[in-house]
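Visitor: missing the sequence, but the structure's below:
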Ligand code: NDP
């Protein structure tokens, strides 16, 4: 039986584009459909514009810090429209690059929503026609959620909207305590927005090492964010030009912007999965095996839609492994061990490997840690500190995890993730000469250990 294509990819985000491009390079006839903009969440409304906003926000601290070094930085002003428009221009540029990648690799792009019709047929909604493919790859990602049980929930924006606000609000209230809530609390506060963060739990960044969460919480308060934990919204209402958020403790906050940052869900709604019998889990995520194959053999899924580890580089690697397995003749799979993670708080978090809590459950460990004021902050007068933590297996001396909060932490962790993933001992850190004067030299001079 002949098909229109060897591979049809639904969703042109980071994972889908990588799978499409590599499969085409390996000789497959490939098409891809995208209902929004090519580039997906990361490029269009996620990691990339977020990081640009983080840079923008960090300048507010830099102007302050500069004074201790002799600079006069009076009357500095921030213009939201300039940032937003320049960000848009950069995203347009990246969108163009992604489209050119597809074109130069002979991948046919359909700018339409696509849904599954049968195990080898995709319906192109805007074009009103079907195309067939031997293999179909679902790479539609996820979408931000609101708590729909809360009256007035629709008044709140989600991260998708945060990048295109017509104007910067004077005040904002954010719900959540994960990546997006923390990153945007710092971004908005740094840009001059009076920001309140309302988190339902005890400690922010619950998925990270406990001390990382506590450190970030302190930094958030130092930055001027009002932080309320063990609390949730109970109602949101519009009151003239302002919005009023009602909290579980009976209090109310008047604000100009309400922001839901309470997680994302796989964007599987209306894709036609049930019709085909493609299994999903209770969160709506597509169930796949280690080669990203679904319960329907011709249908595969990668990235956030599978809700494995929802990070761009993971989706890219899953896409690459799919292409190598299906069209490159080399069965490959993503290795989920020691994936480095970052939170672009201010200062940022970089983390790889076991948290202290995870390591304690399976190993006897020693913890080496340091918490200090980086040299830059001596003259700047900033109270910002830096923390580093190494989790070491007491029996083997192998470093199981490293957690850093401080300037350039994600950059340091990316480099450290290589030896930590492949096995490095604390003694190897100790035998490596320090690079002076840096903050990272603390990593090779840590001696004070505590039993965990
Ligand atoms: P997260 O899963 O990181 O955090 C969700 C937060 O919302 C948690 O603190 C959770 O509380 C809280 N929450 C969940 N449901 C409710 C509710 N009904 N009411 C109040 N609070 C609630 O999700 P994010 O939205 O921050 O980010 C989504 C995903 O995007 C991340 O998991 C990550 O995969 C990705 N991402 C990665 C980034 C990076 O790599 N730097 C940056 C941004 C996003 P609790 O802790 O109690 O569960």
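Guide: Nice, I can see it. None of the values given here were measured: they were computed from a predicted structure.

Visitor: contacts, neighbours, all on C-alpha from now
Guide: Will do.

Visitor: Roughly how far does residue 138 sit from residue 294?
Guide: 10 Å (C-alpha to C-alpha, to the nearest Å).

Visitor: The two: which is more packed in?
Guide: Neighbours per residue, other C-alpha atoms under 10 Å: of residue 138 and residue 294, the larger number sits with residue 138, 26 against 23.

Visitor: List phi and psi for the more buried one.
Guide: phi -90, psi 120 (degrees, to the nearest 10).

Visitor: Tell me the buried residues in stretch 23-39?
Guide: Of all the residues in stretch 23-39, those buried under the rule 16 or more other C-alpha atoms under 10 Å are 23-25, 28-35, 37-39.

Visitor: interface residues of the chain facing the ligand?
Guide: Within the chain, the residues that sit near the ligand (C-alpha under 6 Å from any ligand atom) are 147, 175-181, 199-201, 206, 232, 261-264, 310-311, 342-344.

Visitor: In PyMOL, how would I select the buried members of those residues?
Guide: In PyMOL syntax, the buried subset of those is picked out as below (16+ other C-alpha under 10 Å):
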select buried, resi 147+175+176+177+178+179+180+181+199+200+232+261+262+263+264+310+311+342+343+344
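
Visitor: Sitting in helices, which of the residues of the chain next to the ligand do you find?
Guide: Mapping the residues of the chain next to the ligand onto helices (DSSP state H) picks out 179-181.

Visitor: re the thing from before, so which of the residues of the chain next to the ligand sit within strands?
Guide: Mapping the residues of the chain next to the ligand onto strands (DSSP state E) picks out 175, 264, 342-343.

Visitor: now for the residues you listed, which pair is the farthest apart?
Guide: 175 and 342 (20.2 Å; C-alpha to C-alpha).

Visitor: End to end on stretch 114-125, go ahead and measure it.
Guide: Stretch 114-125 end-to-end distance (C-alpha to C-alpha) = 6 Å.

Visitor: how far is it from where the chain is centred?
Guide: Relative to its chain's centre, stretch 114-125 lies at 29 Å (C-alpha atoms, centre = their mean, to the nearest Å).

Visitor: Report the buried residues of that stretch.
Guide: 114-124.

Visitor: Just give the nearest non-adjacent residue to residue 227, would you?
Guide: Spatial nearest neighbour of residue 227, chain neighbours left out: residue 197 (4.9 Å); criterion: C-alpha to C-alpha, 6 or more residues apart in numbering.

Visitor: Secondary structure class of the one you found, three-state.
Guide: strand (DSSP: H, G, I helix; E, B strand; the rest coil).

Visitor: returning to what we had before: looking at the buried residues of stretch 114-125, which are in helices?
Guide: Taking DSSP H, every one of the buried residues of stretch 114-125 sits outside helices.

Visitor: What is the nearest of those to residue 272?
Guide: Nearest to residue 272 among these, counting by C-alpha to C-alpha, is residue 116 at 5.2 Å.

Visitor: of the ones in strands among the residues of the chain next to the ligand, closest to residue 302?
Guide: Set against residue 302, the nearest of these by C-alpha to C-alpha is residue 264 (15.8 Å).

Visitor: which residues touch that closest one?
Guide: Going by C-alpha atoms under 8 Å, 6 or more residues apart in numbering, residue 264 touches 142-145.

Visitor: How about it, nearest residue that isn't a chain neighbour?
Guide: Of all residues not flanking residue 264 in the chain, residue 144 sits nearest, at 4.2 Å (C-alpha to C-alpha, 6+ apart).

Visitor: What segments of this protein are helices?
Guide: Under DSSP H, the chain gives helices at 14-25, 40-45, 47-67, 80-104, 159-162, 179-190, 210-222, 273-276, 312-327, 356-362, 376-380, 409-422, 426-430.

Visitor: which of these is buried the deepest?
Guide: Among these, the stretch with the highest mean neighbour count (mean count of other C-alpha atoms under 10 Å) is helix 14-25, at a mean of 26.

Visitor: between that one and helix 312-327, how many degrees?
Guide: Interaxial angle, helix 14-25 versus helix 312-327 (axes from the mean of the first three to the mean of the last three C-alpha atoms, to 10 degrees): 30 degrees.

Visitor: List of residues touching helix 14-25?
Guide: Contacts of helix 14-25 (C-alpha under 8 Å, 6+ apart): 7, 9-11, 30-32, 39-40, 42-43, 98, 101-102, 105-107, 137-140, 302-303, 312, 315-320, 322-324, 327-328.

Visitor: and which of the contacts of residue 264 is nearest to the ligand?
Guide: Minimum distance to the ligand across the contacts of residue 264 is 6.5 Å, recorded for residue 144 (C-alpha to the nearest ligand atom).

Visitor: okay, and the common contacts of residue 138 and residue 294?
Guide: Common neighbours of residue 138 and residue 294 (C-alpha under 8 Å, 6+ apart) are 300-301.

Visitor: Residue 190 and residue 58 touch, don't they?
Guide: Yes: using C-alpha atoms under 8 Å as the test, residue 190 is close enough to residue 58 to be in contact (6.6 Å).

Visitor: returning to what we had before: and the furthest pair within the buried residues of stretch 114-125?
Guide: 119 and 124 (14.8 Å).

Visitor: Who are the contact partners of the residue nearest to residue 227?
Guide: Counted by C-alpha under 8 Å, 6+ apart, residue 197 has contacts 173-177, 181, 185, 225-228.

Visitor: For it, give the beta-bridge partners.
Guide: residue 174, residue 227 (DSSP bridges).

Visitor: Distance-wise, check it relative to residue 24.
Guide: Residue 197 is 46 Å from residue 24, by C-alpha to C-alpha.

Visitor: Can you read off the pLDDT for the residue nearest to residue 264?
Guide: Residue 144 carries a pLDDT value of 98.

Visitor: for it, what are its contacts?
Guide: Going by C-alpha under 8 Å, 6+ apart, residue 144 touches 158-160, 261-265.

Visitor: on that earlier part again, which one of the helices of the chain lies closest to residue 397?
Guide: For the helices of the chain, the distance to residue 397 is smallest for helix 426-430, at 5.7 Å, taking C-alpha to C-alpha.

Visitor: Can you tell me what sits against the helix or strand of the chain with the lowest mean pLDDT?
Guide: The weakest-scoring helix or strand in the chain, judged by mean pLDDT, DSSP states H and E, is strand 449-451 (a mean of 82). For strand 449-451, contacts defined as C-alpha under 8 Å, 6+ apart pick out 365-369.

Visitor: which residues are contacting stretch 206-224?
Guide: Outside stretch 206-224, the residues within contact range by C-alpha under 8 Å, 6+ apart are 177-178, 185-186, 189-190, 194-195, 203-205, 227, 345-347, 349, 351, 355-357, 384, 387, 403-405.

Visitor: Noted, bye for now.
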